[in-house]
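# no sequence on hand, only this structure:
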Ligand SMILES: Cc1cc2nc3c(=O)[nH]c(=O)nc-3n(C[C@H](O)[C@H](O)[C@H](O)COP(=O)(O)OP(=O)(O)OC[C@H]3O[C@@H](n4cnc5c(N)ncnc54)[C@H](O)[C@@H]3O)c2cc1C
């Protein structure tokens with residue numbers, strides 16, 4: 001267990017909040033407090049802060065919290081959230097440097113004006129840092145296809161640059177150095193006409209709107225699409241998509257507490273208002289068991305679950 005750290009606030013330009021309720025910034029609107037939330041003003045501030053963190057204290061970066069389920073008992077240690085000063089978008093010929101705090105949809109729109117196509121990011125509501133950590137993607141494109149290198153700091157506050165080949169992007173993951181905070185990335189998007197990119201973004205938005213509950217409190221797809229690890233021949237399944245397995249197991253609309261399997265897209269779990277993280281995780285586990293029972297496929301969580309349950313906190 002990580003010890004709680006206290007800092008001399010005068011040493012840093014950024015803000016420090018103790019016992020900060022992560023439900024306030026999480027897309028799912030759930031989650032207990034983190035011991036310390038630090039929002040650095042700039043790279044030096046971040047580096048200096050990290051150099052003061054005791055080795056035993058855990059540090060975790062977050063972006064928009066759109067793929068995180070923080071449990072109700074909260075999180076030990078420190079959460080780092082990058083802000084405005086990590087939001088550069090610098091075009092240099094074929095390449096673009098993107099600050100990690102940039103909101104991905106904003107990057108897609110801004111670059112489209114200059115004829116750089118990262119249109120798929122228009123519908124992924126996280127930050128560039130989170131997109132890289134998750135190798136976020138949709139409609140056949142992944143951020144990892146475009147990243148040339150990243151920069152960031154390790155837990156001791158040391159600057160590190162990592163080249164594309166060492167990142168080993170895979171489905172919903174990549175190989176970041178241990179305890180690494182991405183602060184920026186260099187990407188190389190395809191260049192094309194602004195109108196073409198805008199048309200693609202409009203089509204993607206409209207497709208999302210029709211097929212996914214994007215206006216609800218969710219974390220997007222809850223489970224990864226299985227990679228054919230079934231031991232059964234699933235005659236009724238043409239493609240091994242998580243949503244299809246969940247749907248065929250009869251779980252559309254299933255509720256636990258105030259959490260619900262979306263009727264619009266069964267791989268999305270929704271906070272109907274007033275759900276706890278426990279409701280959402282319990283519903284997710286119920287879905288996994290029911291799908292396993294029927295198809296002998298154990299779904300893997302795509303949403304990252306962190307922190308402790310309430311009871312663990314009190315014990
Ligand atoms: C409506 C909806 C639709 C979605 N659709 C898609 C989709 O089509 N495709 C898709 O891939 N995802 C989708 N998602 C999930 C989510 O938006 C993406 O995974 C997104 O890239 C996460 O970014 P974030 O900034 O919110 O990261 P967070 O949720 O805050 O964090 C996710 C992970 O990234 C790490 N991380 C965050 N920032 C950094 C950093 N600076 N340095 C190092 N690690 C960091 C965190 O530690 C954590 O492990 C969707 C979510 C929602 C709510």
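Received it, and whenever you're ready, just let me know what you need. What you are looking at is a predicted structure, and each value in this text was computed from that prediction instead of being measured. Numbers count the residues shown, from 1 in each chain.
# quick check: phi and psi on the closest residue to residue 187 other than its chain neighbours?
Distance criterion C-beta to C-beta, 6 or more residues apart in numbering; nearest residue to residue 187, sequence neighbours excluded, is residue 146 at 4.3 Å. Every C-beta, even on glycine, is put in place using the N, C-alpha and C of the backbone. Phi and psi for residue 146, reported as degrees, to the nearest 10, are phi -110, psi -20.
# residue 146 reaches residue 191, doesn't it?
No: assessed by C-beta atoms under 8 Å, residue 146 is found out of contact with residue 191, at 11.9 Å.
# the more surrounded of those two?
Just comparing residue 146 and residue 191: by other C-beta atoms under 10 Å the higher neighbour count belongs to residue 146, 23 against 12.
# and that one, how far from the ligand?
For residue 146, the distance to the ligand (C-beta to the nearest ligand atom, to the nearest Å) stands at 14 Å.
# ok, that residue - contacts?
118, 187, 188, 189 (C-beta atoms under 8 Å, 6 or more residues apart in numbering).
# just confirm the first one contacts residue 189, I think it does.
Yes: proximity of residue 118 to residue 189 meets the contact threshold set by C-beta under 8 Å, at 5.0 Å.
# what do those two both touch?
Joint contacts of residue 118 and residue 189 (C-beta under 8 Å, 6+ apart) are 111, 146.
# report pLDDT for the residue nearest to residue 221 when sequence neighbours are not counted.
The shortest distance from residue 221 to any non-neighbouring residue, by C-beta to C-beta, 6+ apart, is to residue 267 (4.7 Å). In this model, residue 267 is scored at 98, pLDDT.
# count of residues packed around residue 267?
Applying other C-beta under 10 Å, we find 24 residues neighbouring residue 267.
# list the residues that contact the residue nearest to residue 167 when sequence neighbours are not counted.
The shortest distance from residue 167 to any non-neighbouring residue, by C-beta to C-beta, 6+ apart, is to residue 174 (4.8 Å). Neighbour list for residue 174: 132, 133, 135, 144, 167, 168 [criterion: C-beta under 8 Å, 6+ apart].
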